[in-house]
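[1] structural data only, the sequence is not supplied:
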């Protein structure tokens, strides 16, 4: 579904007593919302093993009232809550074994 249609659904249900959950996960900003990055980019370069610097790959998550299960993000993230509230529960890296039933192959 195009991003514009999801945003229209979110806007149409803003004042609904029982709002359905709408969520767009991990969409490439450069592909789907190029003017967002052009007008709001952060100057964050990522160091590559070769010593060169490159712009990081930017993805966006959009949604309304959504509950995300406990998880480990392998990429760096910046969270921006534009409307409403958002709550994060952070756990120290040494607790990862208590958060998942199977071992994860992570280089922490």
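    Perfect, thanks for sending it. If you're wondering where the values come from, they're calculated on a predicted model, not measured in any experiment.

[2] and the contacts of the host helix or strand of residue 31?
    Assignment of secondary structure by DSSP states H and E places residue 31 within helix 29-32. Contacts made with helix 29-32 from outside it, assessed by CB atoms under 8 Å, 6 or more residues apart in numbering, are listed as 3, 36-37, 58-60. C-beta: built from backbone N, CA, C; applies to glycine.

[3] please check the residues you listed and keep the buried ones.
    Of all these considered here, the ones buried according to neighbour count by 16 or more other CB atoms under 10 Å are 58, 60.

[4] all helices of the chain, in order?
    Listed in chain order, the helices found in the chain under DSSP state H are 3-12, 29-32, 34-40, 96-99.

[5] tell me which residues of stretch 18-27 are tucked away?
    22, 24.

[6] quote the end-to-end distance of that stretch.
    Using CA to CA, to the nearest Å, the span of stretch 18-27 from its first residue to its last is 26 Å.

[7] ok now that stretch, how far from the chain's centre?
    For stretch 18-27, the distance from its own C-alpha centre to the chain's C-alpha centre is 12 Å (CA atoms, centre = their mean, to the nearest Å).

[8] I'd like the average pLDDT over that stretch.
    Averaging pLDDT along stretch 18-27 yields 85.

[9] next one: stretch 36-46
    Taken as a whole, stretch 36-46 has an average pLDDT of 75.

[10] what ranges does the chain have for its strands?
    With DSSP state E applied, the chain shows strands at 23-28, 46-47, 53-54, 59-63, listed in chain order.

[11] mean confidence score for the third one?
    What it means is strand 53-54. Across strand 53-54, pLDDT averages out at 64.
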